[in-house]
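Trainee: starting from these lines, generate the structure:
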Amino acid sequence: MRAMLLVNPKATTTNQRTRDVLIRALGATVDLTVEETGYRGHAAHLSRTAHASGFDVVAVLGGDGTINETVNGLLDAEDDEGGEARDGESSDERDGEADSEADGGAMNRPALLVIPGGSANVFARALGLPNNPVEAAGAVLEALRDDRRRTVGLGQAIWDGQRRYFTFCSGLGYDAEVIRAVEGMRGTGRKATPTRYVNTALHHYLSTDKRHAPMAVEGPDVPPADNLFMAIVSNTSPWTYVGSRPVCPTPWASFETGLDLLGLQRLGFAAMSHLMPQIIGVRETLPTGRHLVQLHDEREFTLSAQRPVAFQLDGDYLGEVERVTFRSIPKALQVLV
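Mentor: A predicted model of the protein is given here:
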């Protein structure tokens, strides 16, 4: 079995010694090629190359951002990010083709193998892998030996002539604003620790606009709702982690169903105080509240905003947008786990 391992040398929770040990362990099991990522988008390029070169497995040692890039490379989404249709082809036809290729095409592309190396590692932990990279490597080596595979669905976001897949979540509004602030701190050399995320979220909450909600949601099969300050779109649960504690605003979301959404129509202290205890920790029931908008197992819906709002995919800040369509892409990817 031929495998390409993509290593993010800047991954938060690994060092060179740990990476060397993991590389030797994988190399003893498969015919291994190792590539280090060097810039944003590099993992997508490398995974497309692995696909074209006939590798059986693409492994990732890194965080959720590196995994997201790898997945998009495997599904070849970036070829269409320019947003221009081929001659005589509408954008809807092009998007439909992409959906068809992803849904049911998992058998024809390399399987994904993940070893967590980031700060949150939401995708790996949602698959049931340990958060420790050495322990996770042991689990995935067993999966390799037993050829133990799981086929998972993905989400897809389409906006401003672009489209991109996501593995566990997307968000518009407040949560994306927090991610934007933390990414700015990372740019100055500070690490994205759970404490930094919590402190940034609290600080940003005090200064955010809690009176003018800009967003609305609509879709072919969903009741329209407006006055949303924040929208969380989930492909699985948990949404994220605070240290070892999962945060589950959409506890029914899974890789085997469509997309879920939690929208907040109030950001006041009373509303947030009621919501937070309901979503922290392992949950099986939906949060309750008069000012919550909730969707479950949806094929498609669109979030629109009266003004540009912050936008994130899999914890990666992508700028400000005014309209994003979300689609569920079932059975899109094989994962060794």
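Trainee: surely residue 234 and residue 257 touch.
Mentor: No: here residue 234 lies out of contact with residue 257, judged by C-beta atoms under 8 Å, at a distance of 9.9 Å. No exception for glycine: its C-beta is placed from N, CA and C like everyone else's.
Trainee: of the two, give the one with the bigger neighbour count.
Mentor: When neighbours are counted by other C-beta atoms under 10 Å, residue 234 and residue 257 differ, and residue 234 comes out ahead with 27 against 17.
Trainee: and the helix or strand hosting residue 326, what's buried?
Mentor: Element membership of residue 326, judged by DSSP states H and E, is strand 316-336. Neighbour-count burial for strand 316-336, counted by 16 or more other C-beta atoms under 10 Å, picks out 316-318, 321-322, 324-336.
Trainee: quick one, strands of the stretch 151-300 of the chain?
Mentor: Ranges of strands in the stretch 151-300 of the chain, per DSSP state E, counting those that start in this stretch, are 162-166, 169-173, 215-219, 222-228, 230-234, 240-242, 245-247, 259-264, 292-298, 300-313.
Trainee: figure out which of these is closest to residue 5.
Mentor: strand 162-166 (20.9 Å; C-beta to C-beta).
Trainee: angle of the closest one against strand 300-313?
Mentor: For strand 162-166 against strand 300-313, the angle by axes from the mean of the first three to the mean of the last three C-alpha atoms, to 10 degrees is 80 degrees.
Trainee: strand 162-166 pairs with which strands?
Mentor: strand 149-159 (antiparallel) (DSSP bridges).
Trainee: averaged pLDDT, the strand it pairs with. What do you get?
Mentor: The average pLDDT within strand 149-159 is 98.
Trainee: and that strand, which residues are buried?
Mentor: Those would be 150, 151, 152, 153, 154, 155, 156, 157, 158, 159, for strand 149-159 by 16+ other C-beta under 10 Å.
Trainee: which members of those are the farthest-apart pair?
Mentor: With C-beta to C-beta as the measure, no two of the buried residues of strand 149-159 lie farther apart than 150 and 159, at 28.9 Å.
Trainee: pull up the per-residue confidence for residue 283.
Mentor: 89.
Trainee: and it, how many neighbours does it have?
Mentor: Counted with other C-beta under 10 Å, residue 283 comes out at 18.
Trainee: from what I see, it and residue 251 are in contact.
Mentor: Yes: counting by C-beta under 8 Å, residue 283 touches residue 251, with 4.2 Å between them.
Trainee: mutual contacts of these two, please.
Mentor: When contacts are counted by C-beta atoms under 8 Å, 6 or more residues apart in numbering, the set common to residue 283 and residue 251 is empty.
Trainee: returning to what we had before: pipe the strands of the stretch 151-300 of the chain into JSON lines and attach distance to residue 133 and mean pLDDT per row.
Mentor: Below are the strands of the stretch 151-300 of the chain laid out as JSON lines (distance: least, C-beta to C-beta, whole Å; pLDDT from 0 to 100):
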{"stretch": "strand 162-166", "distance to residue 133": "22", "mean pLDDT": "96"}
{"stretch": "strand 169-173", "distance to residue 133": "22", "mean pLDDT": "97"}
{"stretch": "strand 215-219", "distance to residue 133": "37", "mean pLDDT": "98"}
{"stretch": "strand 222-228", "distance to residue 133": "37", "mean pLDDT": "96"}
{"stretch": "strand 230-234", "distance to residue 133": "25", "mean pLDDT": "98"}
{"stretch": "strand 240-242", "distance to residue 133": "15", "mean pLDDT": "91"}
{"stretch": "strand 245-247", "distance to residue 133": "19", "mean pLDDT": "94"}
{"stretch": "strand 259-264", "distance to residue 133": "29", "mean pLDDT": "98"}
{"stretch": "strand 292-298", "distance to residue 133": "33", "mean pLDDT": "98"}
{"stretch": "strand 300-313", "distance to residue 133": "23", "mean pLDDT": "97"}
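Trainee: all set, thanks.
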